[in-house]
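A.B. asks: coordinates only, sequence not included:
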């Protein structure tokens, strides 16, 4: 009997932890690279409505990669191929309650390790904006050298 009560209490605590980290989900943008499609969203805590984590979903396999939102102050790696961090997000002035500015950093050329950055904003209503326009999708155009993909040439928004 004591074992049952203990197991029930542990289960209750685990359920409370899961609920605390899973509030509302906000769809941010579609991500397209090299024929692959993914979806970027964020989830807030149901109690204080702060951003708790970002999610990257693969609609075909339904695999979800969950990344802690606080990691944006260091880097959130959206796409890694082999040893290359291809697409990353980072910010120095991001606020987990209402968003802020962040940098989309991408590998332009893996041969020279050259990277490029685009400044984006996450609004208080949790929408990504580029130059004041809402972003629905991001398409990453491959940069090729001798027919091989070496990085990302450019990013096209809302294509």
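C.D. replies: Sure thing, it's come through. The structure presented is a predicted model; accordingly, all values stated were derived computationally and were not measured. Numbers count the residues shown, from 1 in each chain.

A.B. asks: May I see the buried residues of stretch 64-78?
C.D. replies: Buried residues in stretch 64-78, counted by 16 or more other Cβ atoms under 10 Å: 67, 69, 72, 76-78. All C-beta atoms are positioned from the backbone trio N, CA, C, and that covers glycine.

A.B. asks: mind listing the strands for this protein?
C.D. replies: Ranges of strands in the chain, per DSSP state E, are 25-33, 36-44, 51-58, 63-68, 76-81, 84-90, 100-109, 114-122, 128-130, 133-134, 137-145, 148-157.

A.B. asks: OK, contacts around the closest residue in space to residue 104 that isn't next to it in sequence?
C.D. replies: Nearest residue to residue 104, sequence neighbours excluded (Cβ to Cβ, 6 or more residues apart in numbering): residue 118, at 4.5 Å. Contact analysis of residue 118 by Cβ atoms under 8 Å, 6 or more residues apart in numbering lists 103-104, 106, 130, 155.

A.B. asks: how much space between residue 118 and residue 130?
C.D. replies: 7 Å (Cβ to Cβ, to the nearest Å).

A.B. asks: Equivalent analysis for residue 155, please.
C.D. replies: 9 Å.

A.B. asks: Centroid-nearest residue for the chain?
C.D. replies: Most central in the chain under Cα atoms, centre = their mean is residue 54, positioned 4.7 Å from the mean C-alpha point.

A.B. asks: I'd assumed residue 44 was in contact with that residue.
C.D. replies: No. Contact between residue 54 and residue 44 fails when scored by Cβ atoms under 8 Å: they sit 11.1 Å apart.

A.B. asks: In the chain, where is pLDDT below threshold?
C.D. replies: The model of the chain has pLDDT under 70 over residues 1-22, 59-60.

A.B. asks: please redo it, this time with the cut-off set to 90
C.D. replies: Residues of the chain meeting the criterion pLDDT under 90: 1-39, 44-50, 53-67, 69-83, 92-99, 125-126, 148-149, 159.
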